[in-house]
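Asks: My questions are about this predicted structure, shown below with the sequence.
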Amino acid sequence: MDMLSRVIFLLTLLVIFFLFFLPVKDTDFGWHYRCGHEVLNGNTSCLDHNIYTFYLSGYKWAYPRLFYDTSLSITFDHFGFIGVSILGAVMMAIAFSLVLLSFSGPVVLRTILIFISIFGGWSIYSLGYRSQIVSVFFLAVEIFILKKSARNQKILWLLPIFFAIWANTHPAFFLRPLIFGLFLAVGKISPKNIVIFTISCFATLVNPYGWRIYVEVLRHLFTPLNTLIAEWVAPGTDQILLILGSLISLAVLLIKQKMKPGYLFFLAIIFGIMAISARRNLPLYYFVLVPAFLEVIPKFANEIMNIITISLLPIACLILLTNVVQTISFDTDQKIYCKNDLTTLPCQAIDYFQNKNGNVFNTYEWGGFLIWKLPNMKFFIDGRMPAWPTENNKSPYTVFLEILQTQPGWNETLRKYSTDYIFIAPGTFLDLALDKNKSLEFGWQEEYRDRTAVIYKKM
């Protein structure tokens, strides 16, 4: 790598760091942090039992998150939200640097493709650091290892280690055997590689749940979350056309250069299908699209592009410095955090529950925050639960909506689960049904109200 390429490489990483230095807006942060904190203090019950909500209390699940929750807790306890933002930015900078280092060709071309990739997945990336970011990081590590194995087969022995780590971090770990399997299928299968693949697959079972993590993955795959949760819905028509167009372009380049498709081409197709079905998978698709293109695109150099790039990257760094100021303000000022989150959080209203105990029917988006801030209370629902099975085969999120929308039987459901409080946003159907003239009729009494939240207590 010549001096100009090194400068472009370093500036690119700096831009990516500033770009991903984002406020911590994950609405599930609270329960992830609390579980990690409890595990580090010797209480591991949160890993496989539902101990945070009274609805489906005691439900056994196998969501792989041990390393994510504990690392998040350690980072937050020592460095606060700013530390979490830095962690996310560093991981994404490393992930894209591995792509830059794994493939040859003009560094400008690689840089352009990377920023196109980031733009394509920005609707999810912009949510800030969350467990899905870690899966993108591990995806980059695996592609890097597979690419380097062409020169050094011994590096493949690192895969079982990363398989085990990923299986304790995020449900997307199931992609890792799939990627390695595609790599072997389109390459040269040797007894040694089959042994490594087998050991790697068994390495995913080194987790607190064993084989049950695959059951949890299948449950999420077959639960129609696209009808319930926003990030699981299909992307817009423009994104679908872009995905189809990029896949067709890949195929045309392969045909034109008379090249055999590699594992990255097939992986791009699989991730493309996943991205079309749910927009939360856009980052995975656009991330793998970069190395897929770099493997088949004709090699060329363009000095004019080098000059333009070396001029624009420092400007981008300066522009993104404003993002640093905004993130630091958001992460350090609790007032901003409460007002400018993805959903407005009931930061003032939670004071009402100090020194109280009981079961609280809560707004879904507030679940993680409340689990974190009010450990003495039990809540109805949070971000862990939409795919959990219920006795009536409804998603817990559907049950939550039926109550919030005051559909027939809503009050009976609250009574059935011994609900002591209702903690929701004002102006919802449930709040309107429990206004001052009707709340006593249903057996509830208003206790608190502000612009963000309203609290009713069971009479």
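Replies: Cool, the structure landed.

Asks: so which helix or strand takes in residue 115?
Replies: In this structure, residue 115 sits in helix 107-120 according to DSSP states H and E.

Asks: what's in contact with the helix or strand just after that helix?
Replies: Tracing the chain C-terminally past helix 107-120 and defining elements by DSSP H and E, one meets helix 122-125 next. When contacts are defined by Cβ atoms under 8 Å, 6 or more residues apart in numbering, helix 122-125 is touched by residues 20, 22, 92, 118, 132-133, 231, 235, 279-280, 282-283. Any C-beta I mention is one placed from the backbone N, CA and C, and that applies to glycine too.

Asks: which residues touch the residue most central in space within the chain?
Replies: Here the mean C-alpha position of the chain is nearest to the C-alpha of residue 132 (Cα atoms, centre = their mean), at a distance of 2.8 Å. Counting by Cβ under 8 Å, 6+ apart, residue 132 makes contact with 124, 170, 172, 280, 283.

Asks: Repeat that for residue 117.
Replies: Residues in contact with residue 117, defined by Cβ under 8 Å, 6+ apart, are 286-287, 289-290.

Asks: Which residue is the nearest non-sequential neighbour of it?
Replies: The shortest distance from residue 117 to any residue other than its chain neighbours is 4.1 Å, reached at residue 286 (Cβ to Cβ, 6 or more residues apart in numbering).

Asks: Can you show me the strands along the protein?
Replies: Per DSSP state E, the chain has strands spanning 358-362, 377-379, 421-424, 444-449, 454-458. These are given in chain order.

Asks: Looking at those strands, spot the one closest to residue 189.
Replies: Residue 189 lies closest to strand 377-379 among the strands of the chain, at 50.4 Å (Cβ to Cβ).

Asks: Can you list the buried residues in that closest one?
Replies: When neighbours are counted by 16 or more other Cβ atoms under 10 Å, the buried residues of strand 377-379 are found to be 377-379.

Asks: can you check stretch 198-207 too?
Replies: 200-201, 203-204, 207.

Asks: Near the closest residue to residue 324 other than its chain neighbours, how many other residues are there?
Replies: Taking Cβ to Cβ, 6+ apart, and ignoring the residues beside it in sequence, residue 324 has residue 21 as its nearest neighbour in space, at 5.7 Å. Each residue near residue 21 was counted by other Cβ atoms under 10 Å, and the total is 25.

Asks: correct me, but residue 21 touches residue 84?
Replies: No - Residue 21 lies out of contact with residue 84 (Cβ atoms under 8 Å); the separation is 10.6 Å.

Asks: how about low-confidence regions in the stretch 251-400 of the chain?
Replies: 297-312, 339-343 (pLDDT under 70).

Asks: Tell me where it has helices.
Replies: 263-277, 282-296, 303-332, 334-339, 367-373, 396-404 (DSSP state H, counting those that start in this stretch).

Asks: Single out the most deeply packed of those.
Replies: When you average the neighbours per residue for each of those (mean count of other Cβ atoms under 10 Å), helix 282-296 leads with a mean of 25.

Asks: That helix packs against which elements?
Replies: Other elements packing on helix 282-296 under the criterion 3 or more Cβ pairs under 8 Å, 6 or more residues apart in numbering; DSSP states H and E are helix 66-102, helix 107-120, helix 122-125, helix 131-148, helix 237-256, helix 263-277.

Asks: what angle separates that helix from helix 66-102?
Replies: Using axes from the mean of the first three to the mean of the last three Cα atoms, to 10 degrees, the interaxial angle of helix 282-296 with respect to helix 66-102 works out to 30 degrees.

Asks: what angle separates helix 282-296 from helix 237-256?
Replies: Using the same axes, to 10 degrees, helix 282-296 lies at 20 degrees relative to helix 237-256.

Asks: quick one, helix 282-296 and helix 107-120 angle?
Replies: Relative orientation of helix 282-296 with respect to helix 107-120: 160 degrees, computed using the same axes, to 10 degrees.

Asks: Return the residues in contact with the residue nearest to residue 264 when sequence neighbours are not counted.
Replies: Of all residues not flanking residue 264 in the chain, residue 292 sits nearest, at 4.2 Å (Cβ to Cβ, 6+ apart). Taking Cβ under 8 Å, 6+ apart, we find residue 292 in contact with 250, 262, 264-265, 267-268.

Asks: Distance to residue 222 added to those, as JSON lines?
Replies: Conversion of the contacts of residue 292 to JSON lines gives the following (distance: Cβ to Cβ, whole Å):
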{"residue": "250", "distance to residue 222": "29"}
{"residue": "262", "distance to residue 222": "30"}
{"residue": "264", "distance to residue 222": "27"}
{"residue": "265", "distance to residue 222": "27"}
{"residue": "267", "distance to residue 222": "22"}
{"residue": "268", "distance to residue 222": "24"}
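
Asks: what's the closest of these to residue 394?
Replies: Distance to residue 394 across the contacts of residue 292 (Cβ to Cβ) is lowest for residue 267, with 34.9 Å.
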